[in-house]
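1. need coordinates for the below:
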Amino acid sequence: MRLGRTLLLIPALSACYVYRPAGAALPTGEQVPLTLTDSGTALLSAELGPSTEAISARMVQDAGGQYLVAVTSTRRRGGSEPDWAGEQVAVPQPLVASIERRSFSRTRTVLMGMATVV
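-> From the prediction side, this is the model:
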């Protein structure tokens, strides 16, 4: 009985996050998803592979009109998502259609906790 209640509380203890458009400055070390423009997909194919439309990476540096990122995975137009081992890639800012940052969602966390308890 006690184990059952404990197992029910595990999801309530986890937090929910959402991705929102990033502001002007991105802190070094933060995990960010970048969506490339069509030009970005074409121009970065030698570094990222063909038809790469999005990158999940850790921000290393945001300076000089480009993002230097340590890539953890990419998403290709065909749906494949190859894993990376943190290789660094310089991505010129004009080739990025959108960049987001992960943030804590108090509302979703509370709702998940309430749903789990009920």
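
2. number of residues surrounding Leu68?
-> By the criterion of other Cβ atoms under 10 Å, Leu68 has 16 neighbours. Every residue, glycine included, has its C-beta placed from N, CA and C.

3. please apply the same query to Ile99.
-> If we define neighbours as other Cβ under 10 Å, then Ile99 has 22 of them.

4. likewise for Gln66?
-> Gln66 has 16 nearby residues by other Cβ under 10 Å.

5. list phi and psi for it.
-> phi -150, psi 160 (degrees, to the nearest 10).

6. quick one: it and Pro92 touch, right?
-> Yes: applying Cβ atoms under 8 Å, one finds Gln66 in contact with Pro92, separated by 4.8 Å.

7. what about the helices in this protein?
-> Secondary structure of the chain (DSSP state H): helices at 2-13, 38-43, 45-48, 106-117.

8. please work out the average pLDDT along the shortest one.
-> Yep, that's helix 45-48 we're talking about. Taken as a whole, helix 45-48 carries a mean pLDDT of 95.

9. got a list of contacts for it?
-> 51-52, 55, 71, 74, 89 (Cβ atoms under 8 Å, 6 or more residues apart in numbering).

10. scan these and report the most crowded one.
-> Busiest of the contacts of helix 45-48 [other Cβ under 10 Å] is Ile55, holding 25 neighbours.
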